[in-house]
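> curious how this folds, go ahead:
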Amino acid sequence: MPKILLNDLYKGRFMLAFLLIASLSILTPNLSQAVTQVKDYQSGKAQFDLSVNSKSIPYDVFFHTVMPEQSLQLKSSRQQLSSRIQVNQQWQKLSWKNGGLLWKAPKAPGLYKLETTDAETGHQITVSVFVLRPASEMKNGVLNGYKIGEYPSPLKGLPNYAAPKGFIEVTKENMHTKITPHFTLGQFLCKQPSGFPKYMVLRQNLLENLENLLTDVNNKGIRTDSFVIMSGYRTPAYNKAIGNVANSRHVYGDASDIFIDTLANGRMDDINGDGAVNEKDALRLYEFANNPETHDHRDDLVGGIGVYKPNAVRGPFVHVDVRGTKARWGI
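All right, here's what the predicted structure looks like:
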């Protein structure tokens, strides 16, 4: 073959390859960046075993709730642990003995930071301990000036529909507290307008479910550091005002309406990549949430998952709760 034709052939192949690469870059302009970002995602799993009142602490940042003057019992198989707790802005050292530690919560409701360090590895677990404000202090559905309303009778007598015995007291100072690696206390506050303090109920297994789901979403290539919690806890009064059913899981602190919004525009991202934001994106998030692996095959992480289409005032979203029984709707 003549040399000129060979040169033209090689040039043609080079141009074809260049055009293919360019077209891929147009379709996925941030492909390499996205891959790098997904690798940078950290689940925040705890690096040693620790339990509080028989509840395993799954992350290096977590939370626990106790009634006033209730005892906390910490246990671990690690041999070189040290712990301290912050009370009234002062740190108090706590002593471990035979793999255990006992601390009695104070009478005053509020946030108490508990830090436990493994001296051998340097790894640390921080547990935000919230001493609850007793529900018995409510007067006519109002707690310390904050309207909560009356809880309905337990649905079918089920214990997970019982009224809470206490509420987390939320202040301007503690509302930004990280309660897991990727979520803060304030994300789950009821939307009803009021001053501080505010009060809420929040279940640990809901946060575990959300963290598992977030990790799965990132592992599937959608890079996000958290979900937007469109609706977390709702007081019975607020829940009634917006016309929701009385026994909504939101009033029991184990439900969230979520979407992914990395663009910070207040609406769901185009997570399925079809160029539009609609219920198909909510269905994609639903598919992630409906993955049994997300629940670690644990009964206490099983619950309801619902898909909601966009309307005139909001985008699509997904409801997730951990009621203990399987429920699906909107698909």
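> okay, helices next: where are they in this structure?
Listed in chain order, the helices of the chain (DSSP state H) span 3-27, 31-40, 204-219, 236-241, 279-289.
> only C-alpha atoms, please: export the shortest one in CSV.
Pointing back at helix 236-241 there. Extracted in CSV, the C-alpha atoms of helix 236-241 (Å, rounded to 0.1, in the frame of the first residue of the first chain):
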residue,chain,number,x,y,z
PRO,A,236,-48.4,14.9,66.5
ALA,A,237,-49.6,18.5,66.3
TYR,A,238,-47.7,19.3,63.2
ASN,A,239,-48.5,16.0,61.6
LYS,A,240,-52.2,16.6,62.1
ALA,A,241,-51.9,20.2,60.8
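> hmm, who's touching that helix?
141, 147-152, 190-192, 246, 248, 250-251 (C-beta atoms under 8 Å, 6 or more residues apart in numbering). Any C-beta I mention is one placed from the backbone N, CA and C, and that applies to glycine too.
> gap between it and the chain center?
With C-alpha atoms, centre = their mean, to the nearest Å as the basis, helix 236-241 stands 23 Å off its chain's centre.
> any idea of the mean pLDDT for that helix?
For helix 236-241, the mean pLDDT works out to 98.
> if we can go back for a sec, and of the contacts of helix 236-241, the nearest to residue 293?
residue 250 (25.6 Å; C-beta to C-beta).
> that older thread, could the contacts of helix 236-241 go into TSV alongside neighbour count and pLDDT?
Shown next, in TSV, are those (neighbours: other C-beta atoms under 10 Å; pLDDT from 0 to 100):
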residue	neighbour count	pLDDT
141	14	97
147	18	98
148	25	98
149	20	98
150	13	97
151	20	98
152	16	95
190	24	98
191	12	97
192	17	96
246	15	96
248	18	98
250	26	98
251	28	98
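> least reliable of the helices of the chain going by mean pLDDT?
helix 3-27 (a mean of 43).
> below-threshold pLDDT in this protein: ranges please.
1-39, 296 (pLDDT under 70).
> now with 90, please.
1-40, 291-299, 331 (pLDDT under 90).
> how long is stretch 50-62 from one end to the other?
In terms of C-alpha to C-alpha, to the nearest Å, the two terminal residues of stretch 50-62 are separated by 11 Å.
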